[in-house]
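*Asks:* sharing a sequence plus its predicted fold:
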Amino acid sequence: MERIKSVLTKFKEVFGSGESKVFLARAPGRVNLIGEHTDYNKGFVLPIAINQEIIAAFLPRQDRLISLCSSNFSSFCQFSLDEVTYNEKEHWANYVKGVIRVLQEEGVRLSGMSMVLEGDIPIGVGLSSSAATEIVTAVSLQIINGFTISPLEMVKLCQKAENEFVGVNCGIMDQFTSLLGEKDRALFLDCRSLEYKQIPLLFMENLRIVICNTRVNRRLAKSGYYNDRRRECAEGVSHLREFLPEIDTLRDVTIDSFEKYKHHLPGNIKKRCRHVVRENDRVVQAVAALGEDNLGKFGDLMNESHQSLRDDYEVSCNELDLMVEIAREIDGVLGARMTGAGFGGCTVNFVEKKSINQFHKIVTEKYKKETGIQPEIYVCQAKNGAGEIVQ
Ligand code: GLA
């Protein structure tokens, strides 16, 4: 594989490797098919791990240093295991540092490491390059240090690294998918119990999952509005608790009880809650639709999800709406919606295989004409979650 060769070459160039065999690990990005802004409300999500991934080449060191190189950013970072501090300028390295910090806080003893990272997950467009960086780091550290940690603990620690070290208050979906996604399956995750089922994507013969990148980068806007939405959901819960004292999160609110008490909620809060309550229901319906091979229904649910994210949750943007509208007019498109946190980033589309070329052409032409931006379009496959690459 090309990328393995290139990351190994880079490793040898930067660190040399003597006689030692360099270790390799990989972690994929993810795309969420449906269930947006539900994870931190302890609801349902249905993502897949994708074929875009980050590969790490690494070796243990005798000293206490962590020495990092990113091929993508052509940059280096070196620090001691005894002084792991956040540095705004070292954007990508903070994800690595965060994982090291939380592992050490858990009492895990780590040795020094030299590591090169290289990937093809576009950065800051909602395909979880950050979660993949965290997970590939945790997997690599586990390989050379041999500590015992369950997959679920690893997921939670990586989420904690992002929440507490990097300062982005994300839910658990991205790290979960990057580690536990499965080839040709979607991950149906209950973010309250953390139970999950791998749902076979039986349709892959005739249908493709296509990601369209608006190339509007969402990173700058992200933390502000994301945290606002979290706060609004919590506010909704505290209002609804007056009538539904048993609820902890919006996940515990059914559509019926929401309808019954919604008029007690302030305007925007009502809209945010309506999105989450209905989106959870849509995920459950979408999983049933996959089971019945009812892809038309699945597509309709994707379309409804987008509308709700646009009008009720208000996390879409003109470019995402445009991308979705263009896609829906094309023959052979079953459903289209924004995916990920929003305000830029990507859409996800269900497209009949026979229409892929036309889809590519029309989306590219029309989107470019309207925005002046050349979009990126990836036909993706559901892949296995992270692990060591054994050569
Ligand atoms: C980001 C977060 C996830 C999730 C999505 C929205 O990707 O990292 O935890 O909340 O937004 O569904």
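*Replies:* Structure's in. What do you need? Worth saying up front: this structure is predicted, and the values here are computed from it rather than measured. Numbering: from 1, shown residues only.
*Asks:* neighbours of the residue of the stretch 251-391 of the chain found nearest the ligand, just the number please.
*Replies:* The nearest approach of the stretch 251-391 of the chain to the ligand comes at residue 341, 3.5 Å away (Cβ to the nearest ligand atom). No exception for glycine: its C-beta is placed from N, CA and C like everyone else's. For residue 341, the neighbour count with other Cβ atoms under 10 Å is 24.
*Asks:* hang on, it in a helix?
*Replies:* No: counting by DSSP: H, G, I helix; E, B strand; the rest coil, residue 341 falls outside a helix, being coil.
*Asks:* report the separation between it and residue 255.
*Replies:* Separation of residue 341 from residue 255 (Cβ to Cβ, to the nearest Å): 24 Å.
*Asks:* can you check residue 11 too?
*Replies:* 53 Å.
*Asks:* compare those two (neighbour count), which wins?
*Replies:* Between residue 11 and residue 255, residue 11 has the larger neighbour count (other Cβ under 10 Å), namely 24 against 12.
*Asks:* any idea which element the more buried one lies in?
*Replies:* Secondary structure from DSSP states H and E places residue 11 in helix 2-15.
*Asks:* which residues touch that helix?
*Replies:* 17, 22, 24, 55-59, 67, 69, 71, 76, 114, 116-120, 389, 391 (Cβ atoms under 8 Å, 6 or more residues apart in numbering).
*Asks:* what's the mean pLDDT across that helix?
*Replies:* Averaging pLDDT along helix 2-15 gives 94.
*Asks:* equivalent analysis for stretch 231-250, please.
*Replies:* Regarding stretch 231-250, the rounded mean pLDDT is 98.
*Asks:* give me the nearest residue to residue 252, chain neighbours excluded.
*Replies:* Leaving out its chain neighbours, the residue that sits closest to residue 252 by Cβ to Cβ, 6 or more residues apart in numbering is residue 246, at 6.9 Å.
*Asks:* next one: residue 338
*Replies:* Per Cβ to Cβ, 6+ apart, closest to residue 338 is residue 320, 4.4 Å.
*Asks:* buried ones in stretch 286-297?
*Replies:* Within stretch 286-297, the residues scored as buried using 16 or more other Cβ atoms under 10 Å are 286, 287, 289, 290, 295, 297.
*Asks:* distance from the chain centre to it, please.
*Replies:* The offset between the C-alpha centroid of stretch 286-297 and the centroid of the whole chain comes to 23 Å, using Cα atoms, centre = their mean, to the nearest Å.
*Asks:* straight-line length of it, end to end?
*Replies:* 7 Å (Cα to Cα, to the nearest Å).
*Asks:* extract the CA atoms of the helix holding residue 11 and return them as PDB.
*Replies:* Below are the C-alpha coordinates for helix 2-15, written out as PDB (Å, rounded to 0.1, in the frame of the first residue of the first chain):
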ATOM      1  CA  GLU A   2       1.300   3.400  -1.100                       C
ATOM      2  CA  ARG A   3       0.700   5.200   2.200                       C
ATOM      3  CA  ILE A   4       2.400   2.600   4.300                       C
ATOM      4  CA  LYS A   5       5.500   2.900   2.100                       C
ATOM      5  CA  SER A   6       5.500   6.600   2.300                       C
ATOM      6  CA  VAL A   7       5.000   6.800   6.100                       C
ATOM      7  CA  LEU A   8       7.900   4.200   6.500                       C
ATOM      8  CA  THR A   9      10.100   6.200   4.200                       C
ATOM      9  CA  LYS A  10       9.400   9.300   6.200                       C
ATOM     10  CA  PHE A  11      10.100   7.600   9.400                       C
ATOM     11  CA  LYS A  12      13.500   6.400   8.200                       C
ATOM     12  CA  GLU A  13      14.300   9.800   6.900                       C
ATOM     13  CA  VAL A  14      13.400  11.600  10.100                       C
ATOM     14  CA  PHE A  15      14.400   9.100  12.800                       C
END
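*Asks:* list the buried ones in that helix?
*Replies:* Buried-residue list, helix 2-15, by 16+ other Cβ under 10 Å: 7, 8, 10, 11, 14, 15.
*Asks:* from those residues, which is closest to the ligand?
*Replies:* The shortest approach to the ligand among the buried residues of helix 2-15 belongs to residue 7, at 25.5 Å (Cβ to the nearest ligand atom).
*Asks:* I figured residue 243 hits residue 264, correct?
*Replies:* Yes: with contact defined as Cβ atoms under 8 Å, residue 243 reaches residue 264; the gap is 6.9 Å.
*Asks:* which stretches of the stretch 251-391 of the chain form helices?
*Replies:* Using DSSP state H, counting those that start in this stretch, the helices assigned to the stretch 251-391 of the chain run over residues 255-261, 267-291, 295-311, 318-328, 356-371.
*Asks:* near the ligand, which residues of the stretch 151-300 of the chain?
*Replies:* By Cβ under 6 Å from any ligand atom, the residues of the stretch 151-300 of the chain that approach the ligand are 170, 171, 173, 174.
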